[in-house]
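>>> give me a 3D structure for the following:
(one chain, ligands or ions: 2)
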Amino acid sequence: MTLDFIAASKLPTPFGIFAMHGFFERETGREHVALTLGDVRSGEPVLARLHSECLTGDALFSLRCDCGFQLEAALRAIADEGRGVLLYLRQEGRGIGLLNKIRAYALQDEGADTVEANIKLGFADDLRDYALCQPMLAHLGIKALKLMTNNPRKVKALQDLGIRVAQRVPLEHGLNPHNLHYLKTKAGKLGHMLGLLHQGEESKD
Ligand SMILES: Nc1nc2c(ncn2[C@@H]2O[C@H](COP(=O)(O)OP(=O)(O)OP(=O)(O)O)[C@@H](O)[C@H]2O)c(=O)[nH]1
Ligand SMILES: [Zn+2]
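Ligands and ions are numbered 1, 2, ... in the order given. Modelled structure (predicted):
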């Protein structure tokens, strides 16, 4: 995997003025982006989000998942801290791409869960590869992270790449009736650590 740094610019957002760094992955032709705020090169663990592309959730307001809510919450948290990084990784649909994700959604409309739908389409449950994070973080001078995620596979993947995860910070946002079953499947079959799924159950008891 070869990643070229292409250019950096400012990115003003409602949450703060980030620096935007663009990268090109030669083998796949994918274009990836990192947003940073503050001095991330000091060596202190950096508040970080590895966000996998979800066009439907990030840009089209989908309630089928929690991605858009997590994206906004992560940028707000970085802005509140005054320092942090968000890697926006072009791994749409856990790596199967947008059109296959729509195929998977169609199967889910018929009753399959998110993992069963991937398998019916001939894919593994999660095809993402986080190797590209290493050159992105190295370019930005970041060695250790406080990682905002509920996904233990992400933590392990980074550690296997030699990146220190000093802390895992839960990022639970956007639970709604349309994504409840999806989030339960993620917790049950993909190992996501989602405390908010149990809060409702406790209040019912
Ligand atoms: N194949 C498939 N991909 C989906 C589906 N719903 C969301 N995605 C994709 O899943 C990715 C987000 O994965 P999540 O499991 O929500 O989150 P995560 O990044 O693994 O973990 P967190 O860091 O806790 O958010 C994005 O690339 C979405 O496009 C689905 O039903 N099927
Ligand atoms: Zn999503």
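
>>> ranges for the helices of the chain?
55-58, 67-81, 98-109, 114-120, 133-140, 152-160, 180-189, 196-204 (DSSP state H).

>>> I'd like these as TSV, with mean neighbour count appended.
All C-beta atoms are positioned from the backbone trio N, CA, C, and that covers glycine. Output for those, formatted as TSV (neighbours: other Cβ atoms under 10 Å):
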stretch	mean neighbour count
helix 55-58	18
helix 67-81	19
helix 98-109	16
helix 114-120	19
helix 133-140	18
helix 152-160	15
helix 180-189	16
helix 196-204	10
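
>>> okay, those in TSV with mean pLDDT and distance to L37 next?
Converted to TSV, the helices of the chain look like this (pLDDT from 0 to 100; distance: least, Cβ to Cβ, whole Å):
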stretch	mean pLDDT	distance to L37
helix 55-58	98	19
helix 67-81	98	5
helix 98-109	98	28
helix 114-120	96	32
helix 133-140	98	11
helix 152-160	95	20
helix 180-189	90	28
helix 196-204	57	26
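
>>> want to throw these into CSV with distance to I6?
Listed next are the helices of the chain as CSV, based on distance: least, Cβ to Cβ, whole Å:
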stretch, distance to I6
helix 55-58, 21
helix 67-81, 22
helix 98-109, 23
helix 114-120, 32
helix 133-140, 11
helix 152-160, 23
helix 180-189, 33
helix 196-204, 38
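
>>> in contact with the residue nearest the centre of the chain, which residues?
Compute the mean C-alpha point of the chain, and by Cα atoms, centre = their mean the closest residue is H51, 2.4 Å away. Contacts for H51 (Cβ atoms under 8 Å, 6 or more residues apart in numbering) come out as D58, C67, Q70, L71, A74, L86, L87, Y88, L89.

>>> repeat the analysis, applying 10 Å as the threshold.
33, 35, 58, 67, 70-71, 74-75, 86-89, 91, 148-149, 171 (Cβ atoms under 10 Å, 6 or more residues apart in numbering).

>>> touching, P152 and M193? I think so.
Yes - using Cβ atoms under 10 Å, P152 makes contact with M193 at a distance of 6.7 Å.

>>> L107 versus the residue nearest to G93 when sequence neighbours are not counted, what's the distance?
In space, G93 comes closest to K101 once its chain neighbours are excluded; the distance is 3.2 Å by Cβ to Cβ, 6 or more residues apart in numbering. Computed as Cβ to Cβ, to the nearest Å, the K101 to L107 distance reads 11 Å.
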